[in-house]
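Undergrad: Okay, here's the prediction I keep looking at, along with the sequence it came from:
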Amino acid sequence: MNNRTLEKLRQMRLYGMHDAFKTSLENTLKEQMTKDQFIFHLVSSEWDNRRNRAIERAIKAANFHYNACLEDIDYSFERGLDRNQVDLLAALEFVRDSKDMLITGPTGTGKSYLATALGYKACQDGYRVFYASTAKLMSQLKIVKVKGTILNDFKRIERTDLLILDDFAMQTFDSQSRGILMDIIEDRHQKRATVITSQMPVKAWHDTIGEKTVADAILDRLVHHSLRVELYGESIRKRKTKNESSFQ
């Protein structure tokens, strides 16, 4: 009967419950619990299994370039970032409130890592996240626009709870990219949260976007009600290399 039960659990795709029940048959766990406790154990195992699989799917769909974890952020280097500030950001209130965040600073100061780590936390909390290099995203959207399928991509981006645009303003926007960026920002304004990282200070974005009217419209939506994280200092990798050399 136990084998039949396991098979039915597997066929119903109740994998968490299946594994928990199978494990209980291999040890004395079941005998140590009341019937209510054992049922709770099975249901909790299924709940955890589904949640973990949902997180895995969310992380895969987010398209992160690398793993990042808020707990692994290094605070030993002075760069305008402290643990209390990160703890507040980790609460993801800005995502719930559909606020934007602008993370700026020199190369190597951890802008992309911070944005990605927040993205991972958002996935764990059940939010839909999409990460993209700004230049690559613009290129991809220009291609699908020619194919006539851009509306599907816009809808996906619009529905995403947290959009991360990395390396923003690294190159000047052409007229087509400006239009695409304007559509993205307009669709998400005060509806969904967007995190933008950039080596360029915000005051330089206007010239990079180009075309005054469009640049004014985009920055008006991005800048005035956004959270700002301004990092500074030398590249962390370079500083770590210096420190290692000093001990040799």
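TA: Arrived safely.
Undergrad: Chain neighbours aside, what residue packs nearest to G108?
TA: Spatial nearest neighbour of G108, excluding adjacent residues (CB to CB, 6 or more residues apart in numbering): S235 at 2.6 Å. C-beta coordinates here come from the backbone N, C-alpha and C atoms, glycine included.
Undergrad: With V223 instead?
TA: With CB to CB, 6+ apart as the criterion, V223 has its nearest non-adjacent residue at 6.2 Å, and that residue is V202.
Undergrad: ditto for T23
TA: Counting by CB to CB, 6+ apart, T23 lies nearest to L29, which is 7.0 Å off, once chain neighbours are set aside.
Undergrad: How about E186?
TA: Once flanking residues are discounted, E186 sits nearest to R221: 7.0 Å by CB to CB, 6+ apart.
Undergrad: The one you found is in contact with I185, isn't it?
TA: Yes: with contacts counted by CB atoms under 8 Å, R221 reaches I185, the gap being 5.2 Å.
Undergrad: What's the local residue count around the residue nearest to T23?
TA: A count of nearby residues for L29, using other CB atoms under 10 Å, gives 14.
Undergrad: swap in G233?
TA: Per other CB under 10 Å, the neighbour tally for G233 reads 17.
Undergrad: Domain map for this protein?
TA: Following automatic domain parsing, one gets these domains for the chain: 2-60, 70-240.
Undergrad: Pop out the phi and psi values for T197.
TA: The phi/psi pair for T197 (degrees, to the nearest 10) reads phi -110, psi 150.
Undergrad: start at 16 instead
TA: Yep, numbering from 16; the last one is T212 now.
Undergrad: How much space separates the nearest residue to it once chain neighbours are set aside from L180?
TA: The spatially closest residue to T212, leaving aside those adjacent along the chain, is K126, at 4.1 Å (CB to CB, 6+ apart). As judged by CB to CB, to the nearest Å, K126 and L180 stand 11 Å apart.
Undergrad: again, but for E71
TA: Relative to L180, E71 is positioned 24 Å away (CB to CB).
Undergrad: of these two, who's got more company?
TA: Applying other CB under 10 Å to E71 and L180 shows that L180 carries more neighbours, namely 24 against 11.
Undergrad: coming back round to it: for the domains of the chain, please prepare CSV with the additional fields mean pLDDT.
TA: Shown next, in CSV, are these (pLDDT from 0 to 100):
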stretch, mean pLDDT
domain 17-75, 89
domain 85-255, 93
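Undergrad: ranking the ones you listed by burial, who's on top?
TA: Burial of the domains of the chain is given as mean neighbour count (mean count of other CB atoms under 10 Å); domain 85-255 ranks first at a mean of 17.
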